[in-house]
Each structure stands twice: as C-alpha cells, then as structure tokens.
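Enquirer: coordinates only, no sequence provided:
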C-alpha cells in the first residue's frame, strides 16, 4: 500500500499550502508512491489519519507543523492496541517545527523525503493529556495564554511572533492556584505555569523543559510562580537557554504521571495548539516508546 501524506495548508500561516507542489516533487524525486490528502479545517487531519490507517496506508506522513503532527497522531492513536503508532514520517512545513528540531529530523523537503524513502525508524515516547496525544509539549497556565495571543496576531510571522506573544501574556499577568501531584511529590499554592515536555524546546525558541528526553520513558515538567511582571520578564530571556530552571522560584521534575487542578480554570495547549480554554483538571501520562518514527 502506498504512503499517505496529510498536508495542512494553514501551517506557517498558509505558507504550507503554497508548497504543495514542492512536497509532491520531493516525494516523487525520492521514488515514494503516495496519495496526498489536504486537511480543510481544524480536526480534519485527525479524521484523514484515521481513514488512512484503516485503509492500510504505510507510512503515514504529516506535512505541516507541530499542530499538524499532533492532529495526525491522534487519528492514528488506538489506545487498546499495544503495537506502536507507525511507521510515521514528518515533512516539516511549520513555523517552529519544534518536534523536528528536538528529534534531529531533516528540516528541508528533499532530505525529509530521502529519510522517508530510506525507511529507518526509531521508537520514541508520546505524551497524553486527558484524552489528547501530544508529541512534543503541553502546558497549562501562562504558556497557553501565550498561545492565545499568538493566535490573534495576523501581521508578524516566524518565531518572533511567539516572543511578542510571550511579552503580551506577561503583561496580562494571569495567576492561578494549583494542586500538582507527580510520582515523587506534590505542591499546592500559587503558580504561573506548568510546562510539560516530551521534548526540550517549544515555540521555536524556548527551552521550557530543558532536561526532557523523548526516549527516556518519562515526562519532564517545569512549574513555578513569578509574583510580579518584573520577575516574569527577568525569567523570559533565560527560557531561551533553559537556565531559568536554576531560579529558586522554578522547579523541574521527571515523572510518568502528573495531575494538575487549577483555580480559576486555565487554558491548555498541546503541540502549540489550544485544546481547551477553561480546564480545571489536567491529567498527564507518558506513553513510552509508542511512536515508530521514521528518522535518519
């Protein structure tokens, strides 16, 4: 059965749709027989992936950004099956392409197509928050507020959009009281954010979970409380290097499971996409080795 490529034309603010012919040429140049399916709305890539799985297409390839990868993986996810998802390939067409960068995957179309043709795979972990699968990162608190501001921007492009959105989110200064429980500890009190990483980098710039390893069978999460805008602003540049976790107000831990209760309700993002706007309970778990990823 031929490969199935699911392309999200909206990725990178509609730039991915303009590269449809480039994608087809790169795959043809690598000798990959495939069908190309175009998602038409949020959630459509999930349905297309589920159909492709039932039709027996292999491999299944996400062409887009991190949100596209997340949607396709959720269409392939079968919670009652033990075998891993895959083989699964990625053609990077997003703005940040965090998953690609964190896993060291090819970042240009020709190299990505060549890797898919070669067909070598490795097993990596996935994360799950409530009923949603994520590949790279998820968060509650300040980080999805950044996502909301990012979604509202129409003029800025590239990773600078994430930085400006972060500044806007800090200026809005949202706060929560959270109850956090993980394998080896718990916390109850004020919190600005909880960032949960399968990969270290999110938003193209920010090492929000700098100790994360997508093949260690663990989630890495970071949480903390910055009581003032000045404190938040002082931490922001250090999120780029990941050294913000050395600040006394920040904690970083590894766990297989994580439960977060918040007051008031919080938005939630997964792989850069807003999955909820008013969530009071988020339950995370690691899915060790559940993705058979095509990687050189």
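Expert: Received, thanks. As the structure is a prediction and not an experimental result, all values here were calculated from the model.

Enquirer: same question for the helix or strand in which residue 72 is found, mean pLDDT?
Expert: Secondary-structure assignment from DSSP states H and E places residue 72 in helix 66-76. What helix 66-76 shows for mean pLDDT is 97.

Enquirer: so after it, what's the next helix or strand?
Expert: Once helix 66-76 ends, the next helix or strand along the chain (criterion: DSSP H and E) is strand 85-92.

Enquirer: and that following strand with helix 66-76, angle?
Expert: Relative orientation of strand 85-92 versus helix 66-76 (axes from the mean of the first three to the mean of the last three CA atoms, to 10 degrees): 160 degrees.

Enquirer: so which bits of the strand of greatest length in the chain are buried?
Expert: For the chain, the strand that runs over the most residues, judged by DSSP state E, is strand 273-294. Residues of strand 273-294 classed as buried by neighbour count (16 or more other CB atoms under 10 Å): 273-276, 279, 282, 284-288, 290-294. In this view, the C-beta of every residue, glycine as well, is placed from N, C-alpha and C.

Enquirer: partners of it in the sheet?
Expert: According to DSSP bridges, strand 273-294 forms sheet pairs with strand 85-92 (parallel), strand 121-129 (antiparallel), strand 257-270 (antiparallel).

Enquirer: want to throw these into TSV with mean neighbour count and distance to residue 136?
Expert: Compiled in TSV, the strands paired with strand 273-294 are given as follows (neighbours: other CB atoms under 10 Å; distance: least, CB to CB, whole Å):
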stretch	mean neighbour count	distance to residue 136
strand 85-92	24	11
strand 121-129	21	8
strand 257-270	20	9
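
Enquirer: dump these into CSV; add distance to residue 219 as well.
Expert: Supplementary listing: those in CSV, determined by distance: least, CB to CB, whole Å:
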stretch, distance to residue 219
strand 85-92, 18
strand 121-129, 6
strand 257-270, 6
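
Enquirer: ok, which of the ones you listed comes nearest residue 110?
Expert: Of all the strands paired with strand 273-294, it is strand 85-92 that lies closest to residue 110, at 10.4 Å by CB to CB.

Enquirer: how far is the helix or strand following the closest one from where the chain is centred?
Expert: Later in the chain than strand 85-92, the nearest helix or strand by DSSP H and E is helix 98-103. The gap between where helix 98-103 is centred and where its chain is centred comes out at 9 Å by CA atoms, centre = their mean, to the nearest Å.

Enquirer: ok, now stretch 82-96?
Expert: The gap between where stretch 82-96 is centred and where its chain is centred comes out at 11 Å by CA atoms, centre = their mean.

Enquirer: can you check stretch 105-113 too?
Expert: On the basis of CA atoms, centre = their mean, stretch 105-113 sits 19 Å off its chain's mean C-alpha point.

Enquirer: start to end distance for it?
Expert: Across its full length, stretch 105-113 reaches 11 Å between end residues, using CA to CA, to the nearest Å.

Enquirer: do stretch 5-23 as well
Expert: Across stretch 5-23, the straight-line distance between its terminal residues is 9 Å, by CA to CA.

Enquirer: that stretch - what's its average pLDDT?
Expert: Rounded mean pLDDT across stretch 5-23 is 91.

Enquirer: ok, now stretch 130-144?
Expert: 96.
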